[in-house]
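**Q** no sequence on hand, only this structure:
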């Protein structure tokens, strides 16, 4: 579905089709043509309780095989939106929403949709690395285990592929049966990435994955994200604007639950349309 | 502060909170002191009963009121020395000794208080013997002779003690044989006769009782009866043999008495044996206490059935309480919608722990014993009625009653453990495509196991020491059989059982000679505390092992 004429029913939405012009200068993003919009958000509002609305009429398109960064000051709703993509907010009592979110054309709030099958297609990496108190091996294959996979050969293969994908294989290949809790902070976060990609999801959601890491570990994870976008559609929430500039193809700026501006990363950082975006990026706000 | 004059120490700041530290420390100290004193008293009194102390012979002054049957000489173990108030115009106090004089059959009592003023002379005669008997407690006296079938051996003969040792050993062997015949072999025959009669009754109830069947059963019964008579004859012969030899002894008071050798269980010379023999005797007594069955209205012998009953009941209770409490806590914490109703349920559960335990006993009697047990009887054992099988107190019902009583403890601690599992862990699991139950099963429950075991430890500590409800649902003073044995189906959950807690109550307050039972009360208390500590230590070790496994979680 080529979305050349996106609908503009929400006021902060900007023209989404400028990737073509900026991507060539971005080195990392090699695709010069407009990609398929994988996640479509249409006029989406979200309330924690009937009186606390944290997202206001968001409309956006997240293209396939790109890194999309969500930036904005704390409490602006970017994490809430991210957690809606795999319906992690279902855990909270009293939530309600309006509008739709579709992933690959499928409405994720469809009552017939099984939330487990949705989550199997969407991997998630959290702000705080949260490996299970199990062995490294069992951490990686967790999503396959809960899906009932028992074949040892398949599991072994998945462990190797995922750990290589998360650039952790060489460091842990000799101690796969040891507890994951013995790893360093950066290794744990990469293990969580390996766990998230083990089931070969289509989308990888990352909620400030580097906020608890030192610069070296951060560099490793960023490098990894750049590679992951070959296979996955990555959505990353970050507070670090240099990080957003370094790794993302597109950037969305949120403020007070509204999507202020979304465009190619270079455009957002060099030539934002909105005054608020410019203020935030230049440090005058937030 | 008053020790320091302001001039020497400069300006002293008022110690902020310092007195509070001392104050709180003092209260902890008092608490610890009380606990240590209590344990000390129990340990001392519980262990001295097994120590073979020396026996003193006392000569009384003329005209003292303490004589036994007019005799002025008596002997016994000094159990207690205490001050007493004199009932006269002059007042003041005097010291008195409590003597364990034994020979309850001859004297009619086992203990005697003597004023120190009445004692003319104390000695420790070498030749005095203390013997444990099957009946009437210990014998304390001087050996005189052995009257055996092949003649009489006098105490001053050189071979007397070897001979005595031999006949006592032979008597013990015979007693074991009698026990084995009467309890095991005759017991088995009785059981088979019982089941034959039940089969007949069952056939009658189901209306398929034919004449052939009846005569067949009658023939089987006659055969069993014949076997029974053979065994009974054998046992009677052995019993007669037990009475054949006589041990003649002289009481310290001077009277000579005789006792069948078969009634002696063991003997020792308290004033001759050295320290190591004494220690050996001590440990063999402890072992007898732990491994033997009680005799003489529980005041003598061991407490093995009570240890076993307490242990099995506590295990059954744990097996029942953990799944029940954990499942309830999972529902309360993980599935139910947190609201006023759940809060009310939680408060009710917590308050359940404050209901008097006897109320649980009454509930257990009404619900488990009469309702559930009665229904089981009428459904599965109609042929045994009106004799109840499950419709009477038993170890199963006692365990379930205690499980019900302790379930709030497990629910509360499990809920806390579940609540302590972080959101991060749950979210990671859910984001990986696990269902809620898979998350609980694979992530939340393993991480909660240490907390669940903490609840179990608390439940066991409460359940193992509980007596009042048990008296209604299955505990007895003396249980003829254990809940586990070699007769099919090996585990007899319907049986009544003995319990250390009830044993303490029974010994201390229901026994005919409470003075004689007192050391046993202490020893049993020590044992019960030891059992609870052992069970708890096992659970705590398990918890530490699991905690290490899930330790340093980075959630």
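**A** Happy to help now that I have it. Keep in mind that what you see is a predicted model, and the values were worked out from it rather than measured. Residues are numbered from 1 along each chain as shown, chains lettered A, B, ... in the order given.

**Q** CA atoms for contacts and neighbours, from now on please.
**A** Will do.

**Q** ok now stretch A:93-104, how far from the chain's centre?
**A** 17 Å (CA atoms, centre = their mean, to the nearest Å).

**Q** brain fart, stretch B:247-261
**A** Centroid separation for stretch B:247-261 versus its chain: 34 Å, with CA atoms, centre = their mean.

**Q** mind checking the end-to-end distance for that stretch?
**A** 6 Å (CA to CA, to the nearest Å).

**Q** tell me the mean pLDDT over that stretch?
**A** Regarding stretch B:247-261, the rounded mean pLDDT is 86.

**Q** what's the answer for stretch B:548-555, then?
**A** On average, stretch B:548-555 scores 54.

**Q** got it, and stretch B:399-410?
**A** 92.

**Q** which residues sit against it?
**A** The contact list for stretch B:399-410 (CA atoms under 8 Å, 6 or more residues apart in numbering or on different chains) reads B:313-314, B:316-318, B:320-322, B:324-326, B:349-350, B:352-353, B:357, B:360-361, B:363-364, B:368, B:452, B:455-456, B:458-459, B:462-463, B:469, B:473.

**Q** mind running it again at 6 Å?
**A** Here stretch B:399-410 makes contact (CA atoms under 6 Å, 6 or more residues apart in numbering or on different chains) with B:313, B:316-317, B:321, B:325, B:349, B:353, B:364, B:455, B:459, B:463.

**Q** quick one: contacts for the residue nearest the centre of chain B?
**A** Central residue of chain B (CA atoms, centre = their mean): residue B:500, 2.8 Å from the mean position. Applying CA under 6 Å, 6+ apart to residue B:500 gives the contacts residue B:306.

**Q** tell me the predicted confidence for it.
**A** 89.

**Q** same question for residue A:36.
**A** Residue A:36 is given a pLDDT of 67.

**Q** now residue B:91
**A** pLDDT, residue B:91: 67.

**Q** thinking again about what came up before, drop anything exposed from the contacts of stretch B:399-410.
**A** Among the contacts of stretch B:399-410, those that count as buried by neighbour count (16 or more other CA atoms under 10 Å in any protein chain shown) are B:313, B:316-317, B:321, B:325, B:349, B:364, B:455, B:459, B:463.

**Q** count of neighbours near residue B:57?
**A** By the measure other CA atoms under 10 Å in any protein chain shown, the count of residues near residue B:57 is 20.

**Q** give me the sheet partners of the helix or strand containing it and which way each runs.
**A** Following DSSP states H and E, one finds residue B:57 within strand B:56-60. Partner strands and pairing direction for strand B:56-60 (DSSP bridges) are strand B:73-85 (antiparallel), strand B:119-123 (antiparallel).

**Q** any idea how far residue B:486 lies from chain A?
**A** Going from residue B:486 to chain A by CA to the nearest CA, to the nearest Å gives 43 Å.

**Q** do you know the pLDDT at that residue?
**A** Listed pLDDT for residue B:486 reads 72.

**Q** please apply the same query to residue A:27.
**A** For residue A:27, pLDDT reads 41.

**Q** for the residue nearest to residue A:213 when sequence neighbours are not counted, grab the count of nearby residues.
**A** Leaving aside its sequence neighbours, residue A:213 sits nearest to residue A:186 (CA to CA, 6 or more residues apart in numbering or on different chains; 6.0 Å). Residue A:186: 22 surrounding residues under other CA under 10 Å.

**Q** and what of the one 3 residues further on?
**A** Residues lying near residue A:189 (other CA under 10 Å) number 27.

**Q** so how far is residue A:226 from the residue nearest to residue A:213?
**A** From residue A:186 to residue A:226 the distance is 17 Å (CA to CA).

**Q** what's the answer for residue A:232, then?
**A** In terms of CA to CA, residue A:232 sits 10 Å off from residue A:226.

**Q** and what of residue A:117?
**A** For residue A:117, the distance to residue A:226 - CA to CA - is 26 Å.

**Q** try residue B:545
**A** For residue B:545 relative to residue A:226 (CA to CA), the value is 42 Å.

**Q** okay, those two: which has more neighbours?
**A** Neighbour tally, residue B:545 and residue A:226, criterion other CA under 10 Å: the higher count belongs to residue A:226, 18 against 13.

**Q** list the contacts for the more buried one?
**A** By CA under 6 Å, 6+ apart, residue A:226 has no neighbours at all.

**Q** would you check how far apart it and residue A:83 are?
**A** With CA to CA as the criterion, residue A:226 and residue A:83 are 22 Å apart.

**Q** residue 54: what secondary structure?
**A** No chain in the question, so chain A it is. At residue A:54 the chain is in strand, as set by DSSP: H, G, I helix; E, B strand; the rest coil.

**Q** that answer is for a different chain, and I need it for chain B
**A** coil.

**Q** residues near it, how many?
**A** Residue B:54 - counted by other CA under 10 Å - has 19 other residues nearby.

**Q** also residue B:356?
**A** 12.

**Q** now do residue B:277
**A** 14.

**Q** show the backbone phi and psi for it.
**A** Backbone dihedrals for residue B:277, given as degrees, to the nearest 10, come out at phi -60, psi -40.

**Q** perfect, I'm done here.
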